[in-house]
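Asker: sharing a model prediction with you, sequence too.
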Amino acid sequence: MGVAFVVAALALIGVLLLRGVHFDVLQPAGDIAKQQRNILVFATLLMALVAVPIFIILGIFAWKYREGNDKRKKHDYKPEWHENTKLELLWWGIPMAIIAVLAVTAWLTAHSLDPYKKIESDKKSITVQVVALQWKWLFIYPEYGVATVNQLPVPEKTPINFSLSADAPMSAFWIPSLGSQIYTMNGMSSKLSLIADHTGEFTGYSTNINGKGYADMKFTVRATSDAEFDAWVKKTQSSPNLMNEQQYARIAKPGTMDAASYSLADSNLYATIVNKYMGHGTHTMSDGTVMKDSDMPAGDEHKQHDMEGM
C-alpha cells in the first residue's frame, strides 16, 4: 500500500508538470529561490535512500510472509534468531550518515542563505521598505520617492534589499518564486535580500494567519527591464496620489484593497511606523537600521526625537 501511494503521488506530480501546472518553489525565478530549490531536491533524494528501500522491503515481506505461504516453504523459519551485526550496522549506519550529511548541509546553507546577507552583483541594489497591514502590503521606495500597495515593481537582475516591519498582527512575507520567507512584526525591522533573474510576474503572500482577510493578503511582483522600471518610477513620482500621514491612516485601516501607486510625501514614513512601537531610547533610521540613542551620530538623535513628536 505504501509503494502504491508513493507511485501514485509521483504520477500525479508528473501529470501536473506535463499539463503545465506551475509550482513556484520547484520552478524558481531568482538565485536565492534556485539555491533553496536545490537544497529541497537534494534533501528529498537523500531521504529517499532510506524511504524507497523501506517501502520496497515492506512489499517483499508482506508478500513473502503472507498467510497461506507456509506450504510453499520459500522462507526459513528461525524462531531463535535475534541479531545480525552486518544488517544492524546497515540499517542504523545509513540513516545516521544521512542525518550527518543533512546536518552539515543545513549548517552551511543557514549561513550562505542568511536573509540578512546582501546579494553581490555588478548592479546597484534597490532598497524597498515593507509594511504589513490588515490585510494588504505597503511598499516604500525611499530612494525614488514612491510607494505602492499590493504591487512590487522591480528591475530584473537587480538585488532588492528589503527592510520589513508591520503595523498590524504579525505576518509572514514570502515570494515563492524568488525565495526566503521572513516574518514581519510591530516595532521590529527585519532584513531580506532577493533578486529576480528575469522579467515576469510573481505572486507574493502572507503565510501567517492574521485575521479574516488573511487569504486575500497577496501582492504581485512585476520584474521588468531597467528602462521599464525607470519609466514607471518617473510616472509615479508625478502622480497626484500622495502617500502622506492622512493617506497612510486610510490604508492602515483593516480591509483589503486593489493595487495602487503613490508619490511619497514623507521619506521617514517607515521609521515613523516602526518607532511608534519602539521602547524609549531606541530608534529606526530611514534605511531600516535600528539604533540606540548612544550609538546614533551627532545630530541624528535630535532629528529622530522630533520625528516621534510629529
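Answerer: Looks like it arrived, so ask away.
Asker: going forward, measure contacts between C-alpha atoms and count neighbours the same way
Answerer: Noted.
Asker: flag every buried residue along the helix or strand hosting residue 36.
Answerer: If you go by DSSP states H and E, residue 36 is part of helix 31-64. Of all the residues in helix 31-64, those buried under the rule 16 or more other C-alpha atoms under 10 Å are 31-37, 39, 43, 46, 55.
Asker: again with stretch 98-111
Answerer: residue 102.
Asker: how about residues contacting that stretch?
Answerer: 43, 46-47 (C-alpha atoms under 8 Å, 6 or more residues apart in numbering).
Asker: how's this protein carved up into domains?
Answerer: Listed by automatic domain parsing, the domain ranges of the chain are 2-62+86-112, 126-308.
Asker: same question for the last one, mean pLDDT?
Answerer: The average pLDDT for domain 126-308 rounds to 87.
Asker: also the first one?
Answerer: Over the span of domain 2-62+86-112, the pLDDT mean works out to 81.
Asker: switch to numbering from 4
Answerer: Got it, first residue is 4 now, which makes that one domain 5-65+89-115.
Asker: helix/strand/coil for residue 177?
Answerer: Taking DSSP: H, G, I helix; E, B strand; the rest coil as the rule, one finds residue 177 in the strand state.
Asker: I figured it hits residue 196, correct?
Answerer: No. In this structure residue 177 lies outside contact range of residue 196 using C-alpha atoms under 8 Å: 11.8 Å.
Asker: higher neighbour count, those two?
Answerer: Shown here are residue 177 and residue 196; by other C-alpha atoms under 10 Å, residue 196 has more neighbours (24 against 20).
Asker: for that one, which residues make a bridge with it?
Answerer: Beta-bridge partners of residue 196, counted by DSSP bridges, are residue 164.
Asker: for the domains of the chain, give me CSV that also has distance to residue 82.
Answerer: Shown next, in CSV, are the domains of the chain (distance: least, C-alpha to C-alpha, whole Å):
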stretch, distance to residue 82
domain 5-65+89-115, 17
domain 129-311, 54
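Asker: most tightly surrounded among those domains?
Answerer: domain 129-311 (a mean of 19; mean count of other C-alpha atoms under 10 Å).
Asker: what's the spacing between the residue nearest to the spatial centre of the chain and residue 101?
Answerer: In the chain, the centroid-proximal residue (C-alpha atoms, centre = their mean) is residue 184; its distance is 2.1 Å. Note on residue 184: its distance to residue 101, by C-alpha to C-alpha, to the nearest Å, is 26 Å.
Asker: and residue 162, by the same measure?
Answerer: 34 Å.
Asker: same question for residue 84.
Answerer: According to C-alpha to C-alpha, residue 84 and residue 101 sit 29 Å apart.
Asker: isn't residue 264 right up against residue 144?
Answerer: No. Shown here, residue 264 and residue 144 do not form a contact pair, counting by C-alpha under 8 Å, at 11.0 Å.
Asker: what sits in contact with each of the two?
Answerer: By C-alpha under 8 Å, 6+ apart, the residues touching both residue 264 and residue 144 are residue 150.
Asker: need the strands for the stretch 204-313 of the chain, in chain order.
Answerer: Applying DSSP state E, counting those that start in this stretch to the stretch 204-313 of the chain gives strands spanning 221-227, 245-246, 263-267, 285-287, 293-295.
Asker: possible to save the ones you listed as JSON lines with distance to residue 131?
Answerer: Output for these, formatted as JSON lines (distance: least, C-alpha to C-alpha, whole Å):
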{"stretch": "strand 221-227", "distance to residue 131": "12"}
{"stretch": "strand 245-246", "distance to residue 131": "15"}
{"stretch": "strand 263-267", "distance to residue 131": "13"}
{"stretch": "strand 285-287", "distance to residue 131": "15"}
{"stretch": "strand 293-295", "distance to residue 131": "16"}
